[in-house]
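Asks: build me a model:
(chains A and B)
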Amino acid sequence: MDDKKRTENLLKMTMEDLEELERYIEELSSFLPLAVCTINPSGVVLVVNSAFQNLTGYREVEIIGEKVDSLFLNKKDFQNLIESKTLKEKTILTRRMTLSKKEGGKIPVNMAISIRRNKEGNFLGHFIALSDISEFEKLKQGLEEKVKERTKNLEEQTQEITQSRVALMNILEDVEKAKEESEEERDKTLAIFENFPEGLLFLDQKNRISSINPGLRNFFELDPEKVIGEKIAELEKESPLNFLVDILGTTSAGAYKKELELKENLILEISTIPVMRVKGKIGTLVILRNITREKTVERLKTEFVSISAHQLRTPLSAVKWTLKMILDGDLGKISEEQHEFFLKTYKSNERMIRLVNDLLNVTRIEEGRFLYNVKSQNIIKIAQEVINSCSVLAKRKKIALKFQEPKSKIPKVKIDTEKINIVIQNLIDNAIRYTKNNGKINISVKYLKDQKNILVSVKDTGIGIPKNQEKRIFKRFFRGVEAIKMETMGTGLGLFIAKNIVEAHGGKIWFESVENKGTTFYFTIPIASATISK
Amino acid sequence: MSLISKQFLEEIKKMEGEIIGSSLKTDREFIVEKEGVEGLSKLEMEMGKLGYPLKQAEIDKYKWYPVQQDFLSLMLAQKMFNWSDKTVQEWGRWGAKTNFIIKLMSRLVNKETISKLASKYWRRYYTKGEIEYKLDYKNKTGITTIRDFVIYPVHLHYLEGYFYQIMCLIVPAKDLKVEGSEVGELNTHQFKITW
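Replies: Reported below is the predicted structural model:
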């Protein structure tokens, strides 16, 4: 009886221990965060813990007795793994698997697997532990994507940088080339500037002397260091370049040309040219040309012509008056034949006198001492007198010479009567000469009140001036081809003299012409002729 | 009107043998699973009326209880909740899946050990009856014989599910079938297994 009771007590204690063990296993299973299951050799799930149920979504009663490989997407991999020799040799193997959850989702898991054996060492199945690595993989994938994206960006940036580098290198090459070309051009320009025989001076935008060439330095024996950077307007009175103050003033000058006798044996022609670039004006170039020699030669030539003409005029006058006396019969009666010969000689002499007079006028013009007797005059009166003197010649050619006087009274102008007379005379003479018989000549005088000018015009129906000769018509000794054919007696000085007289009065002279239809010459004389040079 | 006739109740009361408390407990957990706590309360109330007032919370897993407790629960539940035989088979599978003793046993079960372990573990469940496992793996058939143990139809279906679940551990479940029947000998039943 005692034995039975002892046995019962022992059994009871064993049962209690077993119960405690079960409770402990349940607690451990519930607590264990790792999903764990045991499978038998057939791969059938025997036991699962709470974490396993949570991970797979299957309850214990749903998964126990099921084949564990049904949980994995890659069943074949699982089979290969549990049958692998490596697993049998190693304690634990791990693999990445894809778990198919009950609700249909698929998650990546890290599977650890080991073999179960009984105390005799016989194979009983496997332990399997699963851990969810989806967050890790997401993180990994995110990192990989970031790395990939970053790598791609870096590659793109590298490519861009490479392309930019190539482009920059090309630009640099172009810049280098342009720089070389620019330097070459600069050297050329500098060489031209330095070696230019005339004096050159460059003013910057603020009218400061930027550079001067050796030519200029030679004119004035200048020390460049004393003038470079100086403003023109602020040049000292003692400066050799002080004469530029009046010419260039305080503001930048435009295109300008002037002759200036600075000292004995130094006459300079001063030209200023604004230097423009795309951005606008960058400065002013002042060219000082030494024209002393040219002027000397010119003066000598003028003096020669003047002396020659004066010397010729006296004998020509004597010849004229002698021939006049013969033609008038003061020296006895002459036959008609003799009269005719003397008359031709007289006319030739007249032409000679006119030529000499023209030459004298030209020399006076060139010497700048042309106008002597400037008085306030009525230009209509002068024009009328010239027209009257020309009417005989016009009648001979049956040319209608008409004077169109202004309707209202016009103001007097300050003029040298004799010289204006020459102008009108030359214009009407030309009109008669180069207009065929039965032609028309209209002379008009107008008062341009708004311009404060007197406008004189001489319009003919003559041969006109060819286009290619228009520019040379006011040049000394120039005569048109057709004009020479038609009238052999001209000197080619008339229009040159007329132009100089008009311009000396401050006026302008020009023409409009249509070949074979006629020409109209115009000239203006300002009412208040301010500067009339003598 | 009671679901169990007086005559049948008297017959059950005559049943011999005991069942381990853990089996009683897991079987009642299935009722909670299917019918909720209210379902189990109803059953316990009905059992009390029949003279078996044992509550789920009072059951000691490792204590033996009259086998009548379990059989009566099976019968009453099927009637009370109008369960089919298939649900009862499922009940049997539930028992095999969730019972701690089976869990312990199952880790040792394989083709070679099942015949030996079956008898050993029957005794862990019941104090009455004998079990014999004969399996022909070549022909994928087997016979499980239970002798000296009173089995009513509801319990027969329960054991069909139970053996089915045990067999799942060693053979493919795809075509597995377990079919129980009474044989000529007294209190002897056989379960034909094919897979």
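
Asks: ok, now which ones touch the residue lying closest to A:Glu487 once chain neighbours are set aside?
Replies: What sits nearest to A:Glu487 in space, not counting adjacent residues and going by C-beta to C-beta, 6 or more residues apart in numbering or on different chains, is A:Arg433, at 4.4 Å. Every C-beta, even on glycine, is put in place using the N, C-alpha and C of the backbone. By C-beta atoms under 8 Å, 6 or more residues apart in numbering or on different chains, A:Arg433 lies in contact with A:483, A:486-487, A:490.

Asks: need the max-distance pair from the residues you listed.
Replies: Within the contacts of A:Arg433, A:Met486 and A:Gly490 form the most distant pair, 9.5 Å apart (C-beta to C-beta).

Asks: can you count the residues close to A:Ile209?
Replies: 22 (other C-beta atoms under 10 Å in any protein chain shown).

Asks: what's around residue 39, how many residues?
Replies: In the absence of a named chain, chain A is used. A:Ile39: 25 neighbours (other C-beta under 10 Å).

Asks: chain B was what I was after
Replies: Other residues close to B:Gly39 by other C-beta under 10 Å number 17.

Asks: what's the first helix or strand after the host helix or strand of it?
Replies: Using DSSP states H and E, the element containing B:Gly39 is helix B:21-49. Once the chain leaves helix B:21-49, the next helix or strand it forms, by DSSP H and E, is strand B:64-66.

Asks: what stretches of chain B score poorly on pLDDT?
Replies: Scanning chain B for pLDDT under 70 picks out the ranges B:1.

Asks: which residues in it form helices?
Replies: B:6-13, B:21-49, B:67-80, B:85-98, B:100-106, B:114-125, B:153-168 (DSSP state H).

Asks: any idea which of those helices is most buried?
Replies: Among the helices of chain B, helix B:153-168 has the highest mean neighbour count (mean count of other C-beta atoms under 10 Å in any protein chain shown), at a mean of 23.

Asks: relative to helix B:85-98, how tilted is that one?
Replies: For helix B:153-168 against helix B:85-98, the angle between stretch directions is 50 degrees (axes from the mean of the first three to the mean of the last three C-alpha atoms, to 10 degrees).

Asks: OK, now which residue of chain B is nearest to chain A?
Replies: In chain B, the residue that lies nearest chain A is B:Tyr62 (3.7 Å; C-beta to the nearest C-beta).

Asks: mind showing which ranges of chain A have poor pLDDT?
Replies: A:1, A:249-255, A:368-372, A:488, A:529-534.

Asks: tell me which parts of it are close to chain B?
Replies: Within chain A, the positions adjacent to chain B are A:15-16, A:18-19, A:22, A:38, A:40-42, A:44, A:46-47, A:60-61, A:64-67, A:116, A:118, A:124-125 by C-beta under 8 Å from any C-beta of the partner chain.

Asks: tell me the SS of the residue nearest to A:Lys324 when sequence neighbours are not counted?
Replies: Nearest residue to A:Lys324, sequence neighbours excluded (C-beta to C-beta, 6+ apart): A:Tyr346, at 6.9 Å. Of the three states, A:Tyr346 takes helix under DSSP: H, G, I helix; E, B strand; the rest coil.

Asks: next: the one 4 residues further on.
Replies: Three-state secondary structure (criterion: three-state DSSP) places A:Glu350 in helix.

Asks: could you pull out the helices for the stretch 251-400 of chain A?
Replies: Remark: helices assigned in the stretch 251-400 of chain A by DSSP state H, counting those that start in this stretch are A:292-328, A:336-367, A:379-396.

Asks: next, the angle from the longest one to helix A:336-367.
Replies: If I follow you right, that is helix A:292-328. 160 degrees.

Asks: name the helices or strands packed onto helix A:292-328?
Replies: On a contact count with 3 or more C-beta pairs under 8 Å, 6 or more residues apart in numbering or on different chains; DSSP states H and E, helix A:292-328 meets strand A:266-277, helix A:336-367.

Asks: what about 10 Å?
Replies: strand A:256-263, strand A:266-277, helix A:336-367 (3 or more C-beta pairs under 10 Å, 6 or more residues apart in numbering or on different chains; DSSP states H and E).

Asks: same question, the second one
Replies: Using 3+ C-beta pairs under 10 Å, 6+ apart as the contact criterion, the elements in contact with helix A:336-367 are helix A:292-328, helix A:417-433, helix A:494-504.

Asks: closest residue of chain A to chain B?
Replies: Counting by C-beta to the nearest C-beta, chain A gets nearest chain B through A:Met15, at 3.7 Å.

Asks: excluding chain neighbours, what is closest to A:Lys320?
Replies: A:Asn349 (5.3 Å).

Asks: residues near the one you found, how many?
Replies: Neighbours of A:Asn349 (other C-beta under 10 Å): 20.

Asks: and it, what does it touch?
Replies: A:315-324 (C-beta atoms under 10 Å, 6 or more residues apart in numbering or on different chains).
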